[in-house]
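Enquirer: Fold the following, please.
(one chain, ligands or ions: 1)
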Amino acid sequence: MGKLFLNIIWIVLLTVITQIGGVVYIIATLCYRKKTLKKWSAFIILYLLCTFGIVPYIAPLFGREKIKTNETVKIHTLFTSLANRNYVVPEVNEVLTHVSDKLTKKYPEVEIHCLDANFPFFNGFPLLPHLSHKDGKKLDISLVYEDKKGTLVNDKPSVSGYGVFVNPLNGEYDQISVCKTKGYWKYDFPKYLTLGTIHSGLNFSEKGTRTMLQYLTQESSISKIFIEPHLRDRMRISHPKIRYHGCRAVRHDDHIHIQVY
Ligand SMILES: [Zn+2]
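Expert: Sure thing, here's the model as predicted:
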């Protein structure tokens, strides 16, 4: 009974984190029911085979494809690709190509770092903790940062890309306090999702992030862009596509959320 419960926990956990992991775990368990080491070895081999050799070829049947990476479009952490969290509809890849082409003409050194996107299969299957990332149309992108001399860099302040916030300055509108005062305690939950902080000398780059946002708003397939109001005001950028996401979401002063029609 205890073993069954443990197996169910693994299936749920692996499904929530990677979508396909639970099914792969079931297959490995059926093959090697009583041999734990063999079971986990089979799981790892089968999982990697599926993730890199099979899923990318089935995902297009569900209208999705991997984020196309190149010299200037990167997946921020290996975990994102390893956990199948890097799938989007083709329109998102077109946006990334257009925006990175324009961005590198102005700032040749700047890369677009992609964070969580969507799973490869099934509309309505959310990529937790992002409830809305369930249809291939959503993608989180890192803000742009600069070093102490003001040079744009591609380093980010956290390992995961989430959870190190660009807090409101004195005198800026503080949406975070507004949401937390209203009882939305989850609003700054991503502070627990950094997986460690790195590159402590980084500053938020207004010019780099503003330029990237401008190019994103110019894309006809983009429907919404979420960023925290104080950063939008600090960068003096306004556009009908740049919206506020509401207190029920999490704060967006550690990343930008984009979605296509
Ligand atoms: Zn998002």
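
Enquirer: C-alpha from now on. contacts and neighbour counts both.
Expert: Will do.

Enquirer: residues from this protein in reach of the ion?
Expert: Listed as neighbours of the ion in the chain under the rule C-alpha under 5 Å from the ion: 140, 257.

Enquirer: Quickly note the distance from residue 24 to the ion.
Expert: Plainly put, residue 24 is 27 Å away from the ion if you go by C-alpha to the ion, to the nearest Å.

Enquirer: Equivalent analysis for residue 200, please.
Expert: Relative to the ion, residue 200 is positioned 24 Å away (C-alpha to the ion).

Enquirer: now swap in residue 61 and tell me
Expert: In terms of C-alpha to the ion, residue 61 sits 23 Å off from the ion.

Enquirer: Number of residues surrounding that residue?
Expert: By other C-alpha atoms under 10 Å, the residues close to residue 61 number 11.

Enquirer: Dihedrals phi and psi, it?
Expert: The phi and psi values for residue 61, taken as degrees, to the nearest 10, are phi -70, psi -20.

Enquirer: got it, and residue 223?
Expert: Here is the backbone geometry of residue 223 (degrees, to the nearest 10): phi -100, psi -40.

Enquirer: Look up how far residue 81 lies from it.
Expert: Computed as C-alpha to C-alpha, to the nearest Å, the residue 223 to residue 81 distance reads 25 Å.

Enquirer: so which helix or strand takes in the residue of the stretch 151-261 of the chain found nearest the ion?
Expert: The nearest approach of the stretch 151-261 of the chain to the ion comes at residue 257, 4.4 Å away (C-alpha to the ion). Using DSSP states H and E, residue 257 maps to strand 255-260.

Enquirer: Flag the shaky bits of the stretch 101-250 of the chain, pLDDT-wise.
Expert: Under the criterion pLDDT under 70, no range of the stretch 101-250 of the chain is flagged.

Enquirer: For the ion, what's the nearest residue on it?
Expert: Closest contact between the stretch 101-250 of the chain and the ion, by C-alpha to the ion, is at residue 140 (4.7 Å).

Enquirer: What helix or strand is that residue located in?
Expert: Using DSSP H and E, residue 140 maps to strand 138-142.
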